[in-house]
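1. need a structure here:
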Amino acid sequence: MALERYGWGPFFQQQAGPQRRLKAGRVRLATARRAHVFAADRKVSVSLPRNVGPAAVGDWLLFEPRRRIARQVLLRRNALARARPGRLAQRQILAANVDTAVILAGLDRELRLRPIERYLACALAADAEPVIVLNKADLCADPAAEAAIVRRAEPRFPVVVTSATEGRGISEVESLLQPGRTAALAGPSGVGKSSLVNALVRSELLEVGAVRAQDRRGRHTTTRRELVLHPRGYLLMDIPGIRELLPWSSPEAVRRVFPEIARLGADCRYRDCTHRAEPECSVRGAVSDGIVDADRLASFVQLLDEQHDLERAVEERSRGPRRP
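-> Residues are numbered from 1 along each chain as shown. Below you'll find the model as predicted:
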């Protein structure tokens with residue numbers, strides 16, 4: 001079936017049912033009232049009526065082919081999401097129906113593990129497969145040493161060193177992507193997400209921006225999300241750079257990012273130990289013994305606190321405003 005190349009499968013087929021009047025399409029570009037979709041035999045632009053609601057890039061929808069009007073946005077299999085800035089209890093979809101989360105960091109600047117951990121929380125909450133890519137190896141004195149640091153911290157996930165401008169590591173990234181599956185490229189501005197997409201498709205498909213020399217920060221070259229079909233059959237989505245990411249995740253997903261801390265925490269004296277000042281804290285004991293990195297513990301505690309705060313904010317919002 002032609003739609004299978006865009007990720008169509010049983011989860012969406014069951015929702016669509018035996019529709020004859022409506023056709024299915026996958027959203028490759030979206031605005032508030034219009035979606036551009038991959039349909040079975042062509043690209044189609046359809047309107048999004050208010051009663052249908054918004055659609056995110058990567059969503060599947062059903063539309064009337066003659067009138068080109070969307071009639072239903074299908075339930076998502078998963079989504080990479082964050083808390084909307086300034087509005088803690090509002091969810092912002094970064095990418096819908098994602099199989100692989102390609103998390104990028106730039107080797108042209110100081111390597112920071114904390115942003116990688118935040119994107120991992122997003123990916124694991126969605127049950128997407130993380131792949132960590134260290135790009136701009138051509139601007140780094142010792143890429144192998146930097147990669148070793150990441151592999152020690154995150155030994156469960158593939159870590160690939162690339163140079164999008166030189167083509168280094170591109171085939172290794174491609175080996176982790178499969179036809180009919182969707183990979184979302186995520187990371188801060190200036191790490192080379194658009195350059196990596198261009199290197200993968202071997203075309204200047206997306207605009208590439210420069211970074212500021214004083215702090216290696218990039219401007220937001222990608223201002224919209226777009227789903228791209230690679231000639232080899234997998235799909236790519238370039239997510240705009242995010243400087244401050246508050247994952248829309250869960251405490252459980254955070255524990256999956258830091259499994260060694262979660263395991264040690266089970267031996268703490270108190271079941272609700274925060275690993276800050278409680279006596280007989282196994283995690284802080286492991287930090288003192290050099291088993292757990294102190295910065296990694298601080299990141300775990302901060303992310304866990306944020307997710308608990310997010311859960312409380314969502315619960316309060318669902319209850320509505322208090323009556324006087």
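2. Quick check: A55 touching L61?
-> Yes: under the criterion of C-beta atoms under 8 Å, A55 makes contact with L61 at 5.8 Å. Bear in mind the C-beta positions are built from the backbone N, C-alpha and C, glycine included.
3. shared neighbours, the two?
-> 27, 35, 70, 73 (C-beta atoms under 8 Å, 6 or more residues apart in numbering).
4. Contacts only, for the second one.
-> Contacts of A35 were listed using C-beta under 8 Å, 6+ apart, and they are 25, 27, 29, 45-46, 48, 55, 59, 61, 70.
5. switch to 6 Å and redo it
-> 27, 46, 48, 55 (C-beta atoms under 6 Å, 6 or more residues apart in numbering).
6. pretty sure it belongs to a strand, no?
-> Yes: per DSSP: H, G, I helix; E, B strand; the rest coil, A35 lies within a strand segment.
7. Okay, and the beta partners of it?
-> A35 has these beta-bridge partners by DSSP bridges: A30, V46.
8. Check it and give its pLDDT.
-> Per-residue confidence (pLDDT) for A35: 97.
9. From K23, how far out is it?
-> For A35, the distance to K23 (C-beta to C-beta, to the nearest Å) stands at 13 Å.
10. I116 too?
-> 40 Å.
11. Just give the number of residues close to the nearest residue to E129 once chain neighbours are set aside.
-> Once flanking residues are discounted, E129 sits nearest to T100: 4.8 Å by C-beta to C-beta, 6 or more residues apart in numbering. As a burial measure, T100 scores 22 neighbours (other C-beta atoms under 10 Å).
12. From R26, how far off is Q13?
-> Counting by C-beta to C-beta, the gap from Q13 to R26 is 13 Å.
13. Among the two, which residue is more densely surrounded?
-> R26 (27 against 15).
14. Start from the N-terminal end of the stretch 51-200 of the chain and give the strands.
-> 60-64, 69-73, 79-83, 91-96, 100-106, 129-135, 159-161, 182-186 (DSSP state E, counting those that start in this stretch).
15. got JSON lines for those, with mean pLDDT and distance to V173 too?
-> Below are the strands of the stretch 51-200 of the chain laid out as JSON lines (pLDDT from 0 to 100; distance: least, C-beta to C-beta, whole Å):
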{"stretch": "strand 60-64", "mean pLDDT": "97", "distance to V173": "26"}
{"stretch": "strand 69-73", "mean pLDDT": "97", "distance to V173": "31"}
{"stretch": "strand 79-83", "mean pLDDT": "96", "distance to V173": "18"}
{"stretch": "strand 91-96", "mean pLDDT": "94", "distance to V173": "17"}
{"stretch": "strand 100-106", "mean pLDDT": "98", "distance to V173": "7"}
{"stretch": "strand 129-135", "mean pLDDT": "98", "distance to V173": "6"}
{"stretch": "strand 159-161", "mean pLDDT": "98", "distance to V173": "5"}
{"stretch": "strand 182-186", "mean pLDDT": "97", "distance to V173": "9"}
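16. okay if I get these as JSON lines plus distance to L120?
-> Formatted as JSON lines, those follow (distance: least, C-beta to C-beta, whole Å):
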{"stretch": "strand 60-64", "distance to L120": "26"}
{"stretch": "strand 69-73", "distance to L120": "28"}
{"stretch": "strand 79-83", "distance to L120": "11"}
{"stretch": "strand 91-96", "distance to L120": "14"}
{"stretch": "strand 100-106", "distance to L120": "7"}
{"stretch": "strand 129-135", "distance to L120": "6"}
{"stretch": "strand 159-161", "distance to L120": "12"}
{"stretch": "strand 182-186", "distance to L120": "10"}
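17. wait, which of those is closest to D289?
-> strand 159-161 (26.3 Å; C-beta to C-beta).
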